[in-house]
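*Asks:* the sequence and its predicted three-dimensional model are supplied below.
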Amino acid sequence: MENITKILMKCIRSEVFSDNANIPDSLTEEEINSLYVLSKKHDLAHIVASFLEKRGLIDNATVGQQFAKQKFLSVYRREQLDFEEERVCKLFYDEQIEFIRLKGAVMKKLYPQIWMRTSSDVDILIKAQDRDKAVSLLVSKFGYILDSDAERDCSLISKSGMNLELHFGITSNDDKLDVILKRVWDFAYRINEHEFALKDEFFIAYHIAHMQLHFTEGGCGVRPFIDLWLYKQNLEKCESEVISLLTESKSVDFYKGVKSLCEVWFGDKEHSELTELVENFVISGGVYGTRENLGATGTHKNGSYFKYLLNRIFMPKNKLRLIYPKIDKYPILIPYYQIKRWFNLLDKDVRKSAKNELSGNKNSNLTDKMLDGLGL
């Protein structure tokens, strides 16, 4: 796996960062198969496909077709998402709703080709007072279907099946991170009459906070590291401001740790014990992490396996409400939803997932060491 990880990073360095140092002249069929599995796990197969196609390194017809399919799907999905993003933003502009594009809607412009930056949805931030107006317009004018509705955001599905995440704030369930995240509009500047963008220092701090949240839930995948390194030029101009913000959220050690791994993967820095631990955690987790990783980080956060187990059996309200948004309006339903979760264990797949999560305790020593090194 270590060798395949190195090959994956060389593909990314070549295609995304135009760094052609140490490019492999050939790959075995086994390496190409393993590369497909790993790159797909991290939603990067389309980038690897581009690398392999240019160099004629795909000999296996079946794997070649799979790589080609992933590239086609990434281009197709990017076009669909961009179509939805532009018409939604135009609607908000015309209807005088102030908005900010978030995450992939910003990052895609830094990639050599925008289809290289895949996304699962379009993320747009508006002010809470415009919530009802915005949702009503999206439903009536474009036929969006309201899929889920919570205090901080709602999810809408377009007729083409694209997901729009409409945010009314970017705060999390982490009080330390929310110290800075709750001030998002303080760091916004006006692009035109109704559209705003985030200042570089806040965009980076928000990106780090988002990585950190996913990290403590089992992993965040390779893509956020690519995003951070692509923002390197902007980062160098405002790193002192970034550090100042991250000091407030107590995330400086985490930032330094993930930046160090970027320097290993996309630069020439040698591995340290910490970056090796982080690499293993990220690579094993894929885009959304694993249940085993979630169990290991959960044990660390709760201080002991027993406390973590209790926390999972009796889920705290702030997490339960993310699964069942109705709790925001009807707190009396909390006991009902706690019990509903338990009955989910009757499903074989849910039981298997829970078992995998609890088995993460076996790796808790290494995870503890890594999280301590990252200040988590």
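*Replies:* On my side now, so go ahead.

*Asks:* what helix or strand is residue 154 on?
*Replies:* strand 153-157 (DSSP states H and E).

*Asks:* next structured bit after that strand?
*Replies:* Heading C-terminal from strand 153-157, the first helix or strand you meet, by DSSP H and E, is strand 163-167.

*Asks:* quick check: the most centrally placed residue in the chain vs residue 365, distance?
*Replies:* Against the mean C-alpha coordinate of the chain, by CA atoms, centre = their mean, the closest residue is residue 220 at 5.6 Å. For residue 220, the distance to residue 365 (CB to CB, to the nearest Å) stands at 21 Å. Yep, even glycine has a C-beta here, placed from its N, CA and C like the rest.

*Asks:* residue 11 too?
*Replies:* Distance from residue 11 to residue 365, by CB to CB: 33 Å.

*Asks:* in the stretch 251-376 of the chain, which spans are helices?
*Replies:* 252-266, 273-285, 291-302, 305-313, 317-323, 334-343, 348-358, 364-373 (DSSP state H, counting those that start in this stretch).

*Asks:* by contact count, what packs against the shortest one?
*Replies:* Applying 3 or more CB pairs under 8 Å, 6 or more residues apart in numbering; DSSP states H and E, one finds that helix 317-323 contacts helix 334-343.

*Asks:* wait, isn't residue 67 in contact with residue 48?
*Replies:* Yes - between residue 67 and residue 48 there is a contact under CB atoms under 8 Å: 6.7 Å.

*Asks:* tally up the residues packed near the nearest residue to residue 68 once chain neighbours are set aside, please.
*Replies:* Distance criterion CB to CB, 6 or more residues apart in numbering; nearest residue to residue 68, sequence neighbours excluded, is residue 49 at 6.2 Å. Neighbours of residue 49 under the rule other CB atoms under 10 Å: 25.

*Asks:* what does residue 54 give?
*Replies:* Neighbour tally, residue 54, other CB under 10 Å: 10.

*Asks:* same check on residue 166?
*Replies:* 25.

*Asks:* picking that back up, quick check: the residue nearest to the centre of the chain vs residue 64, distance?
*Replies:* 29 Å.

*Asks:* for residue 260, give its distance to residue 269.
*Replies:* From residue 260 to residue 269 the distance is 7 Å (CB to CB).

*Asks:* I meant to write residue 45 there.
*Replies:* Here the criterion is CB to CB. By it, residue 45 lies 26 Å from residue 269.

*Asks:* higher neighbour count, those two?
*Replies:* residue 45 (25 against 14).

*Asks:* contact partners for the nearest residue to the more buried one once chain neighbours are set aside?
*Replies:* Leaving aside its sequence neighbours, residue 45 sits nearest to residue 70 (CB to CB, 6+ apart; 3.8 Å). Contact partners of residue 70, counting by CB atoms under 8 Å, 6 or more residues apart in numbering, are 40, 45-46, 49.

*Asks:* residue 70: helix or strand, and which one exactly?
*Replies:* Residue 70 is part of helix 61-94 when elements are defined by DSSP H and E.

*Asks:* need the phi and psi values for residue 162.
*Replies:* phi -80, psi 150 (degrees, to the nearest 10).

*Asks:* swap that for residue 27, sorry
*Replies:* phi -130, psi 140.

*Asks:* same question for residue 108.
*Replies:* For residue 108, the backbone dihedrals (degrees, to the nearest 10) come out as phi -60, psi -30.

*Asks:* my read is that it contacts residue 122, right?
*Replies:* No - using CB under 8 Å, residue 108 is not in contact with residue 122; the gap is 10.7 Å.

*Asks:* so which of these two has more stuff around it?
*Replies:* residue 122 (26 against 21).

*Asks:* so how far is the helix holding residue 70 off the chain centroid?
*Replies:* In this view, helix 61-94 has its centroid 17 Å away from the chain centroid, taken as CA atoms, centre = their mean, to the nearest Å.

*Asks:* and what of stretch 316-330?
*Replies:* Here stretch 316-330 is found 22 Å from its chain centre; the criterion is CA atoms, centre = their mean.

*Asks:* if I read this right, residue 235 contacts residue 207, doesn't it?
*Replies:* No - under the contact definition of CB under 8 Å, residue 235 does not touch residue 207, with a separation of 9.9 Å.

*Asks:* which neighbours do these two share?
*Replies:* residue 228.

*Asks:* who has more neighbours, those two?
*Replies:* More crowded of residue 235 and residue 207, by other CB under 10 Å: residue 207, with 23 against 18.

*Asks:* mind listing what that one touches?
*Replies:* Residue 207 makes contacts with 224, 227-228, 231, as judged by CB under 8 Å, 6+ apart.

*Asks:* now do the same for it: its pLDDT.
*Replies:* pLDDT, residue 207: 96.

*Asks:* host element of it?
*Replies:* Short version: residue 207 belongs to helix 200-215, going by DSSP H and E.

*Asks:* and the next helix or strand along the chain from that helix, what does it pack against?
*Replies:* On the C-terminal side of helix 200-215, the closest following helix or strand by DSSP H and E is helix 223-230. If you count contacts as 3+ CB pairs under 8 Å, 6+ apart, helix 223-230 packs onto helix 2-17, helix 200-215, helix 252-266.

*Asks:* need those in JSON lines with distance to residue 244, can you?
*Replies:* Listed next are the helices and strands packed on helix 223-230 as JSON lines, based on distance: least, CB to CB, whole Å:
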{"stretch": "helix 2-17", "distance to residue 244": "28"}
{"stretch": "helix 200-215", "distance to residue 244": "8"}
{"stretch": "helix 252-266", "distance to residue 244": "10"}
